[in-house]
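In: I need the structure of the sequence given here:
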Amino acid sequence: MAVAGCSLRWNNILNVIRQSSIYGIMAVGMTFVILTGGIDLSVGSILAVAGALAAGMLKAGAALPWVVLVALAVGATIGLANGVIVTVGRITPFVTTLGMMSIGRSLTLIYCQGYPISGFNPSFATSAAATFSASPSPSWSSS
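Out: Predicted coordinates:
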């Protein structure tokens with residue numbers, strides 16, 4: 001089946017799923033936030049900060065368990081800061097997370113100096129393209 005130059009093949013469908021898997025994972029977490037009447041606009045920016053830091057550490061040769069631990073700690077710390085500002089500071093979640101979104105984007109741009117992080121070890125690209133519980137993981141470029 002072809003639609004305007006696109007072919008609907010299993011590999012293309014898997015590629016779309018693979019490319020959108022990160023958004024699906026974030027959506028699951030955001031579902032719980034929204035169900036409890038909250039809002040968090042900073043989720044994507046926190047992911048960017050943690051992801052850029054993890055990519056920089058991997059490129060520098062850090063061990064994967066250490067990288068995962070640091071990335072999770074950075075995300076949890078920023079989330080904790082959001083929570084403290086909302087509960088102790090009594091600032092609305094919309095305003096708090098909007099500000100944290102800007103801070104997260106800025107930190108990511110400063111850390112990356114406006115450039116993508118590339119040049120990973122080819123073995124990382126091979127291991128990152130594996131499947132998890134019959135679900136494809138996101139594709140990573142090693143260039």
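In: buried sites along stretch 87-99?
Out: 93, 96-97 (16 or more other C-beta atoms under 10 Å). Heads up, the C-betas are built off the backbone N, CA and C, glycines and all.
In: And the residue nearest the centre of this protein?
Out: In the chain, the centroid-proximal residue (C-alpha atoms, centre = their mean) is residue 47; its distance is 3.6 Å.
In: Spatially nearest residue to it (excluding sequence neighbours)?
Out: In this structure, residue 47 finds its nearest non-sequential neighbour in residue 26, 6.7 Å apart by C-beta to C-beta, 6 or more residues apart in numbering.
In: After the helix or strand where the one you found lies, heading C-terminal, what element do we hit next?
Out: Assessed by DSSP states H and E, residue 26 sits inside helix 10-35. On the C-terminal side of helix 10-35, the closest following helix or strand by DSSP H and E is helix 43-59.
In: Centre of the chain to that next one, how far?
Out: Relative to the chain's own centre, helix 43-59 is displaced by 7 Å; criterion: C-alpha atoms, centre = their mean, to the nearest Å.
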